[in-house]
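Engineer: Take a look and give me a structure for this.
(one chain, ligands or ions: 1)
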Amino acid sequence: MMNVRISTKAYANSAAPVIKDLNFNLERGEFLAIVGPSGAGKSSLLNLIAGVDTKFEGAIASQTPDAKPLTIGIMFQEPRLMPWLTLLENVCLVSDSLESTLVIKRAHALLDDVGLAGLAGQYPNQLSGGMQRRVALARALMAEPDILLLDEPLVSLDQPAATQLRELLHNVWQARQFTVVYVTHQLDEAIAMADRILFLSTSPARIIKEEIIDLPRPRQQQNIDALGASLRGRAGLLSGCMD
Ligand SMILES: Nc1ncnc2c1ncn2[C@@H]1O[C@H](COP(=O)(O)OP(=O)(O)OP(=O)(O)O)[C@@H](O)[C@H]1O
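Structural biologist: Here you go, the predicted model:
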């Protein structure tokens, strides 16, 4: 579906690259997790895939049967909601026509899907952190993305809110069958969610290991724990790759 080939990504204010020789293919419908330590270059990689940042050496090529451009949705670490807009208006923000009845209907349906039915007229500061993330998810889904990029979506949530959002993300992905690229530095989170994990080195980021997660869904905690222990135990293979 997409071929990602990044020879070098460097920022103008630094001579050292943040990404070097990082190549992978993204398959249609897969849930890909990218695990790496803080500062490795994970968010930088997502910005390149999203097309938000085009300054790099290499190529990111979409391969679609009808040559139709891929639609990409992104959910950041922080929800980035506009505090002066209602939830409905925040969700509609990415749409061309805020006034269209169809757009508003779709935004209501998505707010329902993320468990916020009846709250469309509220403002972000009336919500918990977990609820704000769910609004951000609804907004990312408005464009009906082929690929959804998730940048540490559970970070800084308390355990119940993180579990709830993780299950929601999983259910939405299974129901809609888009492709997910899920960035995290938590191995267990990646094992719980992904079909495949790419492990990144410290900066400059490159892939040091790929692991196919062949566990039945929904995933049992004992299976997640066992695979996590096995991966962590493999002779320092992943040292420096996780916090
Ligand atoms: N816009 C930018 N301009 C200059 N340097 C940047 C910019 N964005 C990121 N960096 C630098 O690039 C490196 C990688 O940052 P990035 O945010 O991509 O890493 P990360 O793996 O997502 O980190 P974290 O896990 O802490 O979110 C860091 O050293 C960061 O300071």
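
Engineer: tell me the phi and psi of residue 215?
Structural biologist: Backbone dihedrals for residue 215, given as degrees, to the nearest 10, come out at phi -110, psi 140.

Engineer: I'd say it and residue 191 touch.
Structural biologist: Yes: taking Cβ atoms under 8 Å as the definition, residue 215 is a contact partner of residue 191 at 7.4 Å. Backbone N, C-alpha and C define where each C-beta goes, glycine included.

Engineer: all helices in this structure, in order from the N-terminus.
Structural biologist: Remark: helices of the chain, listed N- to C-terminal, are 42-50, 87-92, 101-113, 129-141, 159-176, 187-193, 221-233; assignment by DSSP state H.

Engineer: So which elements touch the first one?
Structural biologist: Right, helix 42-50. Contacts defined by 3 or more Cβ pairs under 8 Å, 6 or more residues apart in numbering; DSSP states H and E place helix 42-50 against strand 2-9, strand 19-26, strand 72-75, strand 147-151, strand 179-184.

Engineer: which ones are touching residue 128?
Structural biologist: residue 161 (Cβ atoms under 8 Å, 6 or more residues apart in numbering).

Engineer: and it, what pLDDT?
Structural biologist: pLDDT for residue 128: 92.

Engineer: Kindly report the same for residue 94.
Structural biologist: Model confidence at residue 94, expressed as pLDDT, equals 77.

Engineer: where are the low-confidence patches of the protein?
Structural biologist: Per-residue confidence of the chain (counting by pLDDT under 70) places the weak regions at 96-99, 235-243.

Engineer: So for residue 215 and residue 191, which residues contact both of them?
Structural biologist: With contacts defined as Cβ under 8 Å, 6+ apart, the residues adjacent to both residue 215 and residue 191 are 224, 227.

Engineer: how about the helices of the chain in CSV, adding distance to the ligand and mean neighbour count?
Structural biologist: As requested, the helices of the chain are arranged in CSV below (distance: least, Cβ to the nearest ligand atom, whole Å; neighbours: other Cβ atoms under 10 Å):
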stretch, distance to the ligand, mean neighbour count
helix 42-50, 3, 21
helix 87-92, 23, 24
helix 101-113, 27, 16
helix 129-141, 16, 23
helix 159-176, 16, 15
helix 187-193, 13, 22
helix 221-233, 19, 14
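
Engineer: Alright, I will stop here.
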